[in-house]
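Novice: Just need the structure, nothing else, for what follows:
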Amino acid sequence: MSDRRHEWISKRAYAIWEEQGRPDGRDDEHWRQAVAERDALERTQASIDGREVLVKFRPKLPRPELPRQDWINPSTKVG
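Specialist: Modelled structure (predicted):
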């Protein structure tokens, strides 16, 4: 992890901790949230005019599982 990335995540995790009222024992949760936010920022960028956000990386969505051929009994009558 680069120094700049680590510093950004550290500052963001601290800000999240403060926003949530400085609770004890939730530092891992705050750190994971900050990492997720940084990852999202790194996958996007603003357009030149700043009017839209462009996605630089879009993860592939899992393909829906196709139903098995035998899930419907063709001899079953409906109605």
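Novice: residues near His6, how many?
Specialist: The number of residues packed near His6 is 11, by other C-beta atoms under 10 Å. From N, CA and C alone the C-beta is placed, and that goes for glycine too.
Novice: which SS class is it?
Specialist: Secondary structure for His6, judged by DSSP: H, G, I helix; E, B strand; the rest coil, is helix.
Novice: Pull up the gap between it and Asp39, please.
Specialist: As for His6, its distance to Asp39 is 13 Å (criterion: C-beta to C-beta, to the nearest Å).
Novice: same question, Pro23
Specialist: With distances taken as C-beta to C-beta, Pro23 is found 24 Å from Asp39.
Novice: Correct me if wrong: His30 contacts Ile16.
Specialist: Yes - the pair His30 / Ile16 is scored as a contact, 4.5 Å apart, by C-beta atoms under 8 Å.
Novice: Tell me which residues touch the nearest residue to Glu37 once chain neighbours are set aside, please.
Specialist: Excluding the flanking residues, the one nearest Glu37 by C-beta to C-beta, 6 or more residues apart in numbering is Arg12, at 6.2 Å. Arg12 sits next to 34, 37-38 when contact means C-beta atoms under 8 Å, 6 or more residues apart in numbering.
Novice: Among those, which are located in helices?
Specialist: 34, 37-38 (DSSP state H).
Novice: who wins for neighbours among the contacts of Arg12?
Specialist: Using other C-beta under 10 Å as the neighbour criterion, Ala34 leads the contacts of Arg12 with 20 neighbours.
Novice: Wait, that residue touches Ala13, no?
Specialist: Yes - checked against C-beta under 8 Å, the pair Ala34 and Ala13 is within contact range at 4.1 Å.
Novice: what comes up buried for the helix or strand harbouring Ala13?
Specialist: Using DSSP states H and E, Ala13 sits in helix 3-19. For helix 3-19, a neighbour-count test (16 or more other C-beta atoms under 10 Å) marks 8-9, 12-13, 16-17 as buried.
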